[in-house]
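Chemist: Need coordinates for the below:
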Amino acid sequence: ANPSSRSTLVELDVLPAPAFTGEASAARRGSSNEEEIRHKRAAMTLTVYGVLGSQPVRAVVWLLTQKGIAHELVQTMPGSSSEDKPLGSKSATFRKIVPHGKVPAIRDSESGMVLWESNAILCYLADKYGMSDLYPSDLAKRAQVHQWLHWHHENSRQFTIALFAPILRPDIKFNPEDLRARTAQVHGVAKLLNRHLSTSPFLAGDAITIADIAAYEDIGQCQEQYCNLFDFGPYEHLRRWMAAVEKLPKFEETHVKTLRMLRKFIDRSRGSGASL
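Modeler: Have a look, this model is predicted:
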């Protein structure tokens, strides 16, 4: 592939360990379990396209992993045009699956459906697998979840667009004036969330939901212990919320290794004079 078409996420080789639920434990028991692994693959109905370096992909994979739902993660690199492995999201092959060439996407072989847009995927999975603890069936409570999911796109998502992407996604060209405006918006979003979370444990009320998972991926990665892209010191309620979301099952397995790798690259970029 043309190097100019490859995102930094490709260079970092940010790949998850188990390709699907159950493979890692089976692999540890030795090659005699290869048949077991093949059977598990055959039984799977869900394929996820993306890499864990992508915030929306992490949200989908975390939801599936914490609920123990078998899935295969097909490495698909954002911003890359590669037709080889790992497949690029801008490749002609992937565009046949997702016309606009972005991750994540899922293929549900049980229904024959391909679905893209991470928040739509989260809703679909929560509904299909009966995750009423994270996606309430009550109409009014669910509407609150949808409110925050829609708000996320142009608000909490800016933590990634303004702070993360300029370093990790050189395939995206940013207008300096626009980037300054987005960075200012990030501070506004942090203030708004801190105020909201001073009276509400989670985004949509007293219980954690998929809205918290979606927003956390863009915000939580910026903490000092991970990518160190934003000073959360003045935002005590936002800090409390991030810590609470991280208590969901399987956080470490789906986040820590990837975020540490990303941090190493960011630190190298800072050392070479790159600007955040």
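Chemist: so Gln223 touches Asp231, yeah?
Modeler: No. Using CB atoms under 8 Å, Gln223 is not in contact with Asp231; the gap is 9.8 Å. For every residue, glycine as well, the C-beta is placed using N, CA and C.
Chemist: These two: which is more packed in?
Modeler: Taking neighbours as other CB atoms under 10 Å, Gln223 and Asp231 compare with Gln223 leading, 18 against 12.
Chemist: how far away is the more buried one from His187?
Modeler: Going from Gln223 to His187 by CB to CB, to the nearest Å gives 16 Å.
Chemist: Would you state the helices of the stretch 151-276 of the chain in chain order?
Modeler: Using DSSP state H, counting those that start in this stretch, the helices of the stretch 151-276 of the chain run over residues 158-159, 165-168, 176-197, 210-220, 236-245, 251-271.
Chemist: give me the low-pLDDT residue ranges for this structure?
Modeler: 1-43, 272-276 (pLDDT under 70).
Chemist: Run through the strands of it in chain order.
Modeler: 46-50, 72-77, 87-88, 105-108, 113-116 (DSSP state E).
Chemist: Dump the last one to PDB, restricted to CA.
Modeler: As requested, the backbone C-alpha atoms of strand 113-116 are provided in PDB (Å, rounded to 0.1, in the frame of the first residue of the first chain):
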ATOM      1  CA  MET A 113     -27.400  -7.300   7.900                       C
ATOM      2  CA  VAL A 114     -24.400  -5.000   7.700                       C
ATOM      3  CA  LEU A 115     -24.600  -2.000  10.100                       C
ATOM      4  CA  TRP A 116     -22.400   1.000  10.500                       C
END
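Chemist: Parallel or antiparallel, which strands does it pair with?
Modeler: Strand pairing for strand 113-116, determined by DSSP bridges: strand 105-108 (antiparallel).
Chemist: contact partners of the strand it pairs with?
Modeler: Strand 105-108 is contacted from outside by 45-50, 60, 76, 97-98, 113-116, 121, 124-125, 128, using CB atoms under 8 Å, 6 or more residues apart in numbering.
Chemist: Indicate which one of the helices of the stretch 151-276 of the chain is closest to Glu72.
Modeler: In terms of CB to CB, the element of the helices of the stretch 151-276 of the chain nearest to Glu72 is helix 251-271, at 15.0 Å.
Chemist: Return that closest one as CSV; C-alpha atoms alone will do.
Modeler: Taking Å, rounded to 0.1, in the frame of the first residue of the first chain, the C-alpha atoms of helix 251-271 are listed here in CSV:
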residue,chain,number,x,y,z
PHE,A,251,-12.2,-2.6,30.8
GLU,A,252,-8.6,-3.6,31.1
GLU,A,253,-8.7,-6.3,28.5
THR,A,254,-10.2,-3.9,25.9
HIS,A,255,-8.4,-0.7,26.7
VAL,A,256,-5.1,-0.6,28.7
LYS,A,257,-2.7,-2.3,26.2
THR,A,258,-3.9,-0.2,23.3
LEU,A,259,-3.9,3.1,25.2
ARG,A,260,-0.4,2.5,26.5
MET,A,261,0.8,1.9,23.0
LEU,A,262,-0.9,5.1,21.8
ARG,A,263,0.7,7.0,24.7
LYS,A,264,4.2,5.9,23.6
PHE,A,265,3.7,7.3,20.2
ILE,A,266,2.2,10.6,21.5
ASP,A,267,5.2,10.9,23.9
ARG,A,268,7.6,10.4,21.0
SER,A,269,5.7,13.0,19.0
ARG,A,270,6.0,15.5,21.8
GLY,A,271,9.7,14.8,22.2
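Chemist: thinking again about what came up before, same list (the helices of the stretch 151-276 of the chain) but as TSV, adding mean neighbour count and distance to Lys141.
Modeler: Converted to TSV, the helices of the stretch 151-276 of the chain look like this (neighbours: other CB atoms under 10 Å; distance: least, CB to CB, whole Å):
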stretch	mean neighbour count	distance to Lys141
helix 158-159	25	26
helix 165-168	22	33
helix 176-197	15	16
helix 210-220	25	11
helix 236-245	17	18
helix 251-271	16	24
